[in-house]
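Enquirer: Okay, predicted coordinates and the sequence, questions at the end:
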Amino acid sequence: MLNRIKYILFFSGLLLGAGEGIDLSGQAVPGREENIPFLVTFGRLGETSWGDDDFYQVFFFTVPKEYTGQFFIRIFDPDVGGEHDEIQGEFNSRTSFEVYGGKGVDPDKNNESRGLNNVKNYKGGTMLASRVFGSEPRFDNKYFTFGPFNPTAGDFSPKWNAYIFKVVVEGVSGDDGNLYRFFMSRDPENNIPVEGGNAFTYEYTFRMWNDFKSVAHIYPYVDTGVVYIRQRNFDWDRDGHILVVSRYKQGIGVSISAENNWMEDRIPIEPAEIGSSLDFQFHKAQGELVKNNNVVVTLESQRGDALPFFSSPIGGVPVYNPKITIKKTTKPK
């Protein structure tokens with residue numbers, strides 16, 4: 001209990017009192033509040049028009065400094081074949097999952113570790129575990145577990161007062177879509193959260209539900225010094241609309257991409273939004289259902305710094321507060 005109190009106090013100071021607190025079960029990726037069924041990575045011979053711009057994905061896991069036990073990284077449905085994955089002709093793809101720790105992982109110290117803009121050196125750090133999965137029925141709709149890992153094997157971040165680990169997922173062959181999820185757990189066989197842990201990424205590639213009524217959410221964290229952000233989304237297939245909600249914004253729409261192209265906007269950031277999360281909401285189009293829609297989203301500040309998307313939103317899910325005085329601003333060009 002003492003460790004939990006310390007961690008909450010640390011984040012309370014970091015967030016300047018913003019939000020409703022921290023959801024300490026942030027190890028499910030995608031997170032509970034995001035309402036996203038799967039992450040997705042296609043084989044390197046896939047078509048970008050299927051909703052994956054670069055055929056790899058990088059996720060980071062934070063383990064609080066106060067946590068001294070071992071932990072595991074579990075992958076749900078890591079194989080390429082079976083119930084959830086996206087077949088192209090026949091399943092002939094292989095996907096690599098690699099876990100990294102040590103110096104070079106922390107994305108605030110090593111920008112290339114973020115895996116953005118098709119950089120070649122996103123595997124910074126020390127590889128701790130790896131496995132390549134093909135069409136393997138014994139892993140279909142089941143978990144595979146990496147670990148155990150000791151927290152101190154990660155890259156320590158003073159900013160988050162936590163050790164950071166990284167998982168790199170690559171489509172190494174074939175053209176099928178691998179749909180999967182993560183969970184950071186204290187147990188190798190069950191999903192038991194590491195108290196105070198979280199997960200984040202800088203380029204989110206995910207699958208939408210095949211459901212008109214289901215709304216997906218992703219939660220970027222806005223740090224100090226941000227004046228505006230540039231949002232970019234890829235291959236949304238014009239499947240409805242994307243809204244941005246915060247304590248200050250009731251819901252503003254952004255430009256949406258069609259098939260196999262990027263669209264972007266600049267969104268002003270107000271002082272009331274600093275030190276909290278935004279809520280990017282993905283509302284599917286009504287009418288003819290767009291099935292198996294995969295989308296990619298990235299954000300960066302006016303300085304060109306990428307914003308992280310947290311599985312458990314820092315400061316809690318943002319709720320629009322109409323009591324905040326709204327001053328009309330001109331949209332940056």
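Expert: Structure's in. What do you need? Computed from a predicted model, the values in this text were never measured in an experiment.
Enquirer: what about stretch 57-74, average pLDDT?
Expert: What stretch 57-74 shows for mean pLDDT is 97.
Enquirer: Distance from it to the middle of the chain?
Expert: 15 Å (C-alpha atoms, centre = their mean, to the nearest Å).
Enquirer: Name the residues of that stretch that are buried.
Expert: Residues 57-67, 71-74 are the ones in stretch 57-74 that count as buried (16 or more other C-beta atoms under 10 Å). To be clear about C-beta, it is placed using only N, CA and C from the backbone, and glycine gets the same treatment.
Enquirer: Over to stretch 31-46?
Expert: Quick answer for stretch 31-46 (16+ other C-beta under 10 Å): 31, 33-44, 46.
Enquirer: farthest pair in the residues you listed?
Expert: Using C-beta to C-beta, the buried residues of stretch 31-46 span at most 31.9 Å, a distance reached by 33 and 44.
Enquirer: center of the chain - which residue?
Expert: For the chain, the residue lying nearest the average C-alpha position, counting by C-alpha atoms, centre = their mean, turns out to be residue 201 (4.1 Å).
Enquirer: Quick one: the helices in this structure, in order.
Expert: 2-14 (DSSP state H).
Enquirer: Scan it for its longest strand.
Expert: Across the chain, the longest stretch assigned as strand under DSSP state E is strand 162-173.
Enquirer: That one: partners in the sheet, and parallel or antiparallel?
Expert: Here strand 162-173 is paired, per DSSP bridges, with strand 56-64 (antiparallel), strand 94-101 (antiparallel), strand 155-157 (antiparallel).
Enquirer: Would you format those strands as JSON lines with distance to residue 184 included?
Expert: Listed next are the strands paired with strand 162-173 as JSON lines, based on distance: least, C-beta to C-beta, whole Å:
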{"stretch": "strand 56-64", "distance to residue 184": "5"}
{"stretch": "strand 94-101", "distance to residue 184": "11"}
{"stretch": "strand 155-157", "distance to residue 184": "15"}
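Enquirer: List just the one of these that sits closest to residue 137.
Expert: Closest of the strands paired with strand 162-173 to residue 137 is strand 94-101, at 14.9 Å (criterion: C-beta to C-beta).
Enquirer: Need the per-residue pLDDT for residue 212.
Expert: 90.
Enquirer: dump the residue contacts of it.
Expert: Taking C-beta atoms under 8 Å, 6 or more residues apart in numbering, we find residue 212 in contact with 284, 286, 289.
Enquirer: same thing with residue 34?
Expert: By C-beta under 8 Å, 6+ apart, residue 34 lies in contact with 216, 217, 218, 219, 311.
Enquirer: Adding pLDDT, write these out as JSON lines.
Expert: Below are the contacts of residue 34 laid out as JSON lines (pLDDT from 0 to 100):
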{"residue": "216", "pLDDT": "97"}
{"residue": "217", "pLDDT": "97"}
{"residue": "218", "pLDDT": "97"}
{"residue": "219", "pLDDT": "97"}
{"residue": "311", "pLDDT": "95"}
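Enquirer: Go through those and name the one nearest residue 98.
Expert: Residue 98 lies nearest to residue 311 out of these, by C-beta to C-beta, at 19.3 Å.
Enquirer: CA atoms of stretch 162-182 as PDB?
Expert: Output of stretch 162-182 as PDB, limited to C-alpha atoms (Å, rounded to 0.1, in the frame of the first residue of the first chain):
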ATOM      1  CA  ALA A 162      10.000   3.900 -13.700                       C
ATOM      2  CA  TYR A 163      12.000   1.300 -15.600                       C
ATOM      3  CA  ILE A 164      11.000   1.200 -19.300                       C
ATOM      4  CA  PHE A 165      10.900  -1.900 -21.400                       C
ATOM      5  CA  LYS A 166      10.100  -2.100 -25.200                       C
ATOM      6  CA  VAL A 167       8.300  -4.700 -27.400                       C
ATOM      7  CA  VAL A 168       9.000  -4.600 -31.100                       C
ATOM      8  CA  VAL A 169       6.600  -6.400 -33.400                       C
ATOM      9  CA  GLU A 170       7.600  -7.000 -37.000                       C
ATOM     10  CA  GLY A 171       5.900  -8.700 -39.900                       C
ATOM     11  CA  VAL A 172       9.000 -10.600 -41.200                       C
ATOM     12  CA  SER A 173       7.400 -12.500 -44.100                       C
ATOM     13  CA  GLY A 174       4.100 -13.000 -45.900                       C
ATOM     14  CA  ASP A 175       1.200 -10.500 -46.300                       C
ATOM     15  CA  ASP A 176      -1.400 -11.500 -43.700                       C
ATOM     16  CA  GLY A 177      -2.500  -9.300 -40.800                       C
ATOM     17  CA  ASN A 178      -1.600 -10.500 -37.300                       C
ATOM     18  CA  LEU A 179      -4.100  -9.300 -34.700                       C
ATOM     19  CA  TYR A 180      -2.900  -9.500 -31.100                       C
ATOM     20  CA  ARG A 181      -2.900  -7.900 -27.600                       C
ATOM     21  CA  PHE A 182      -0.500  -7.500 -24.700                       C
END
